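Asker: Have a look; sequence and predicted model below, questions after that.
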Amino acid sequence: MKVLALSIALFAAACLLPALEFQQSHGTDVQWGANILAVGWSGIFAGVLAWYANPFWVLGLVLGLRGKPKPAAIAGLVALAIGCSTFTLFGKVLPADEGNVNHMTLVRTLAGCYCWLASLATLPLVAIFPKSR
């Protein structure tokens with residue numbers, strides 16, 4: 001349970017911290033974790049898949065809580081792999097609005113991003129340390 005609690009705590013921290021900094025025509029824009037969690041699903045329309053690590057993370061948590069450490073670890077590893085696709089966004093021009101009028105480019109990952117990735121990475125630990133579930 002300790003590893004799952006740590007994963008949940010890191011995820012919550014990620015929501016409360018600045019996560020990504022984008023360059024736009026009018027300057028820089030810092031996106032906080034909670035905002036990215038709320039609207040990140042729409043990134044699929046621009047080919048951004050990182051947000052979709054979240055459902056795998058939730059699946060891993062459920063499996064971990066149900067005493068299935070190996071499937072939980074697999075879900076966690078899938079979540080981590082998808083989450084790491086965030087780093088492929090550097091230099092990629094992304095739409096900054098629904099009409100694709102304004103654009104933005106990822107210039108920096110911030111503490112919220114790393115807390116989120118750490119929350120994904122701790123989930124597979126349930127397979128390595130099953131007694132700490």
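Answerer: Happy to help now that I have it.
Asker: Can you get me a residue count around the nearest residue to F129 once chain neighbours are set aside?
Answerer: Of all residues not flanking F129 in the chain, V3 sits nearest, at 6.2 Å (Cβ to Cβ, 6 or more residues apart in numbering). Yep, even glycine has a C-beta here, placed from its N, CA and C like the rest. By the criterion of other Cβ atoms under 10 Å, V3 has 23 neighbours.
Asker: Pretty sure V3 sits in a strand.
Answerer: No. V3 is assigned helix when assessed by DSSP: H, G, I helix; E, B strand; the rest coil, not a strand.
Asker: What's the separation between it and G60?
Answerer: According to Cβ to Cβ, to the nearest Å, V3 and G60 sit 11 Å apart.
Asker: Need the overlap of contacts for these two.
Answerer: Listed as contacting both V3 and G60 by Cβ atoms under 8 Å, 6 or more residues apart in numbering are 123, 126.
Asker: Could you pull up phi and psi at I36?
Answerer: Backbone torsions of I36, given as degrees, to the nearest 10, read phi -60, psi -40.
Asker: Run through the helices of the protein in chain order.
Answerer: 2-16, 33-39, 53-65, 69-83, 111-122, 125-128 (DSSP state H).
Asker: weakest of those in terms of mean pLDDT?
Answerer: Mean pLDDT values for the helices of the chain show the minimum at helix 125-128, a mean of 73.
Asker: nearest to N102, of the helices of the chain?
Answerer: Shortest distance between N102 and the helices of the chain, using Cβ to Cβ, is found for helix 33-39: 15.0 Å.
Asker: who does that closest one touch, helix- and strand-wise?
Answerer: If contacts are counted by 3 or more Cβ pairs under 8 Å, 6 or more residues apart in numbering; DSSP states H and E, helix 33-39 sits against helix 2-16, strand 18-24, helix 111-122.
Asker: what about L63, how many neighbours?
Answerer: 20.
Asker: so who does W32 touch?
Answerer: When contacts are counted by Cβ under 8 Å, 6+ apart, W32 touches 15-19, 112.
Asker: Settle this for me: W51 is touching I36, isn't it.
Answerer: Yes. Between W51 and I36 there is a contact at 7.2 Å, judged by Cβ atoms under 8 Å.
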